[in-house]
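[1] The following comprises the amino acid sequence and a computationally predicted model.
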Amino acid sequence: MASRAGPRATGTDGSDFQHRERVASHYQMSVALKSEIKKLNIAHAVVWLLVAAQVVVSQLNLVSHKVVASPNQWEYPYLLSIIPTVFSFMALPKNNISYLVISMISAGLFCVAPILYGGMEMFPAAQQLYRHGTAYGFIFGFSAVTVMYLVLIISLQIHGWQIYYSKKLLDAWFTSTQDKKKK
């Protein structure tokens, strides 16, 4: 095959791809992990908006308490869980290790801790529902305890994966900085 400038030079037919440079694995891992963390951040933002909507609607009495149950105590500190997500979004574009570490630590404090407390706080109501079939609060016709336990389980998974992927991303970033220091 010839180009506009004439015949192709020998050795440039594309068969030399095995000797070409490749993207280092920690850069490939960084891109993949950033993508996963962004998806989890968006999922967390959706859950956060739902919890915030319940708190706001209940506090402002926009809807009857028969339609939307009043918030539990764990939901108020959980509203601070948007802070780790903001730090995570700020850390990703420039590979800012400090922001990612702050995001991971604050995720444990503002996300996981309120979720664990919420599970314990709502346990007696869940036990009452299971044993006697009596629900005290409702969210659009569904038992509030059931709905909130579902939110807790989904949130715990989201935050667990966020922390796990953030740790792996930190490891990938440290690998790249260690490689630069060796050179």
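    Received it, and whenever you're ready, just let me know what you need.
[2] how about whichever strand or helix holds Pro84 as PDB, C-alpha atoms only?
    According to DSSP states H and E, Pro84 maps onto helix 82-91. The C-alpha coordinates for helix 82-91 follow below in PDB (Å, rounded to 0.1, in the frame of the first residue of the first chain):
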ATOM      1  CA  ILE A  82     -22.300  15.100  51.200                       C
ATOM      2  CA  ILE A  83     -18.900  16.400  52.400                       C
ATOM      3  CA  PRO A  84     -16.900  13.300  51.500                       C
ATOM      4  CA  THR A  85     -18.500  13.200  48.100                       C
ATOM      5  CA  VAL A  86     -17.600  16.800  47.400                       C
ATOM      6  CA  PHE A  87     -14.000  16.100  48.500                       C
ATOM      7  CA  SER A  88     -14.000  13.000  46.300                       C
ATOM      8  CA  PHE A  89     -15.200  15.000  43.300                       C
ATOM      9  CA  MET A  90     -12.500  17.600  44.000                       C
ATOM     10  CA  ALA A  91      -9.700  14.900  44.300                       C
END
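[3] pLDDT of it, averaged?
    The average pLDDT within helix 82-91 is 95.
[4] now stretch 168-180
    Taken as a whole, stretch 168-180 has an average pLDDT of 78.
[5] From here on, call the first residue 36.
    I'll keep to 36 as the first residue from here, and by that count the last item is stretch 203-215.
[6] Can you check my assumption that Pro108 lies in a helix?
    Quick fix: residue 108 is Gln, not Pro. No - with DSSP: H, G, I helix; E, B strand; the rest coil as the criterion, Gln108 is assigned coil and is not in a helix.
[7] what's the pLDDT at it?
    Model confidence at Gln108 (pLDDT) stands at 92.
[8] Quick check, pLDDT for the nearest residue to it once chain neighbours are set aside.
    Nearest residue to Gln108, sequence neighbours excluded (CB to CB, 6 or more residues apart in numbering): Glu156, at 6.0 Å. For glycine as for every other residue, the C-beta is placed from the backbone atoms N, C-alpha and C. At Glu156, the model reports a pLDDT of 91.
[9] buried sites along the longest helix seen in the chain?
    Counting by DSSP state H, the longest helix found in the chain is helix 179-217. Neighbour-count burial for helix 179-217, counted by 16 or more other CB atoms under 10 Å, picks out 179-184, 186-187, 189-191, 193-194, 196-198, 200-201, 203-205, 207-208, 210.
[10] for stretch 66-83, same thing?
    68-69, 71-72, 75-76, 78-79, 82-83.
[11] I'd like the average pLDDT over it.
    The model assigns stretch 66-83 a mean pLDDT of 95.
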